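S.K.: coords below, sequence missing:
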Ligand SMILES: Cc1ncc(COP(=O)(O)O)c(C=O)c1O
């Protein structure tokens with residue numbers, strides 16, 4: 001056992017990792033012959049591995065998280081100061097950063113009013129589902145308990161959030177799942193389920209209504225949707241979609257839960273993805289970028305209308321929200337989140353995200369002109385996907401292994417880390433994903449695009 005290591009020699013760390021760490025989403029057989037990558041240090045957009053090799057991170061920590069970039073001393077200081085003053089108390093009490101961050105967050109979310117703290121995106125969504133279920137039981141005699149979710153959306157890794165996940169491969173082998181989660185069709189126009197229709201957005205939203213009518217509107221209490229689907233292939237909503245979804249939710253008295261775990265905190269150029277589309281959610285969940293990975297924090301944010309349903313009957317001992325998240329009481333989360341938000345504002349990173357996002361999109365369209373393997377370019381802000389196909393006319397997806405070779409070539413040849421839809425749907429793990437930190441410059445984007453250009457040329461050859 002090596003409790004100390006030489007800062008210039010990470011071999012003991014690699015051995016300790018190989019012997020004892022179980023990494024997420026990784027088949028470990030390969031580590032019998034190759035070493036895992038250990039990330040030693042990060043600064044801005046760059047990270048360094050155990051061999052001292054520098055990489056440009058185009059995925060904000062792998063899973064669209066580190067929105068303000070690495071090495072932020074002011075966040076570390078804010079967390080340190082807060083931990084020394086008061087590190088933890090269970091959420092039945094208040095804390096200074098908990099109150100101040102909630103106030104700041106709500107100031108960016110007109111129409112919303114209450115923040116419930118927990119510590120992962122999955123957990124934030126579970127809280128939203130519990131809220132729907134409790135309302136079903138207190139207001140609708142238990143009948144309005146079903147929660148709709150969309151094919152290709154992802155909401156987390158716990159059994160209930162997997163039950164509400166539209167990634168069939170991610171769910172495989174983890175059933176049986178709890179009842180009451182019902183799938184609606186995806187809204188990826190590039191892969192239209194209804195042929196070449198003019199009003200695809202309305203058609204895709206109407207498909208939700210069809211499911212509601214099939215299930216019985218009196219049984220449907222909520223619907224959870226990503227504003228722009230992330231891990232399902234960076235799916236931007238088609239024209240008219242959100243307006244119609246909102247109408248349907250109002251018509252059938254269905255609570256609209258927007259999962260902003262990826263899109264939240266500026267990723268798409270606005271504070272929240274839903275704010276591009278005039279959506280009025282009943283609940284919004286968020287995690288990843290809330291503190292840019294400097295501390296674990298997630299939030300389930302509700303309207304005052306939803307919140308009030310949990311206090312109007314104070315004599316009933318079961319009427320309030322009887323949920324607890326132990327680590328929802330850690331003050332490091334909101335302390336880091338407050339400073340994260342200050343940085344986003346002071347450095348005008350939402351504006352940078354919009355400008356650099358447009359630049360990245362333009363560059364990727366240029367790349368598409370030169371590479372027939374790129375079937376579709378999608379995204380908003382610094383959040384982009386390139387769907388790879390064998391043939392543009394048939395749109396037949398490339399093999400998963402081909403997309404993964406492109407990712408591997410970017411890392412090996414140019415030290416640029418990009419993402420790919422990861423074993424989510426059989427036959428459709430073919431979208432490259434990009435989510436650089438919101439501090440990205442034109443030259444960072446040029447470097448990313450050049451790496452993808454070379455990797456595509458190499459892999460096709
Ligand atoms: C849209 C979305 N929701 C929820 C989650 C789950 O978040 P966590 O991994 O923090 O539980 C993720 C994770 O990638 C996500 O992409």
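M.R.: Looks like it arrived, so ask away. All figures in this text were calculated on a predicted structure; none of them were measured in a lab.
S.K.: How many neighbouring residues does the closest residue to the ligand within the stretch 51-200 of the chain have?
M.R.: Of all residues in the stretch 51-200 of the chain, residue 121 sits closest to the ligand, with a separation of 2.3 Å (CB to the nearest ligand atom). Any C-beta I mention is one placed from the backbone N, CA and C, and that applies to glycine too. Counted by other CB atoms under 10 Å, the residues lying close to residue 121 total 26.
S.K.: Likewise for residue 417?
M.R.: By the other CB under 10 Å criterion, the neighbourhood of residue 417 contains 22 residues.
S.K.: which residues does it bridge with?
M.R.: Beta-bridge pairing of residue 417 under DSSP bridges involves residue 57.
S.K.: Would you enumerate the residues in contact with it?
M.R.: Under the criterion of CB atoms under 8 Å, 6 or more residues apart in numbering, the neighbours of residue 417 are 47, 55, 56, 57, 58, 59, 62, 410, 411.
S.K.: And the strands in the stretch 101-250 of the chain?
M.R.: Using DSSP state E, counting those that start in this stretch, the strands of the stretch 101-250 of the chain run over residues 114-118, 146-150, 181-184, 220-225.
S.K.: outside of the second one, which residues touch it?
M.R.: The one in question is strand 146-150. Applying CB under 8 Å, 6+ apart, the contact partners of strand 146-150 are 129, 132, 155, 164-166, 180-187, 208, 211-212, 215, 219-226, 229, 254, 257.
S.K.: So which of the residues you listed reach the ligand?
M.R.: Checked against the ligand using CB under 6 Å from any ligand atom, the contacts of strand 146-150 give the following subset in range: 155, 226.
S.K.: now the residue nearest the centre of the chain: how far from residue 452?
M.R.: Nearest residue to the geometric centre of the chain (CA atoms, centre = their mean): residue 262, 2.5 Å. In this structure, residue 262 and residue 452 are separated by 21 Å, where distance is defined by CB to CB, to the nearest Å.
S.K.: and if you look at residue 303?
M.R.: The separation that residue 303 has from residue 452, given CB to CB, amounts to 41 Å.
S.K.: In contact with residue 371, which residues?
M.R.: Applying CB under 8 Å, 6+ apart as the definition, the contact partners of residue 371 turn out to be 453, 456, 457, 460.
S.K.: what's the closest of those to the ligand?
M.R.: The closest of the contacts of residue 371 to the ligand turns out to be residue 456 (CB to the nearest ligand atom; 25.5 Å).
S.K.: does that closest one really touch residue 406, like I thought?
M.R.: Yes. Residue 456 sits in contact with residue 406 when judged by CB atoms under 8 Å, with a separation of 6.1 Å.
S.K.: what are the ranges of the strands in the stretch 351-461 of the chain?
M.R.: Across the stretch 351-461 of the chain, reading from the start of the chain, the strands by DSSP E, counting those that start in this stretch fall at 374-379, 384-388, 416-417, 419-420, 431-434.
S.K.: so is the residue nearest to residue 138 when sequence neighbours are not counted in a helix, a strand, or just coil?
M.R.: Residue nearest to residue 138 in three dimensions, not counting chain neighbours: residue 319, with 6.7 Å by CB to CB, 6 or more residues apart in numbering. The three-state label given to residue 319 by DSSP: H, G, I helix; E, B strand; the rest coil is coil.
S.K.: residue contacts, residue 319?
M.R.: By CB under 8 Å, 6+ apart, residue 319 lies in contact with 138, 310, 311, 312, 313.
S.K.: The last one: which element?
M.R.: Meaning residue 313. Taking DSSP states H and E as the criterion, residue 313 maps to no regular element, lying outside all helices and strands.
S.K.: What pLDDT is listed against it?
M.R.: Among the per-residue scores, residue 313 shows a pLDDT of 91.
S.K.: Please report how far it lies from residue 301.
M.R.: 23 Å.
S.K.: Which residue of those two possesses the greater neighbour count?
M.R.: Between residue 313 and residue 301, counted using other CB under 10 Å, residue 301 has the larger neighbour count: 27 against 12.
S.K.: Quick check: residue 47 is in a strand.
M.R.: Yes. Assigned with three-state DSSP, residue 47 falls within a strand.
S.K.: just checking, it touches residue 57?
M.R.: Yes. The pair formed by residue 47 and residue 57 meets the contact definition of CB under 8 Å, at 5.3 Å.
S.K.: which of the two has more neighbours?
M.R.: Neighbours around residue 47 and residue 57, counted as other CB under 10 Å, are more numerous at residue 57. The numbers are 26 against 23.
S.K.: contacting residues for that one?
M.R.: Taking CB under 8 Å, 6+ apart, we find residue 57 in contact with 42, 45, 46, 47, 66, 70, 417, 436, 437.
S.K.: circling back: most surrounded residue in the contacts of residue 417?
M.R.: Counting by other CB under 10 Å, top hit in the contacts of residue 417: residue 58 with 28 neighbours.
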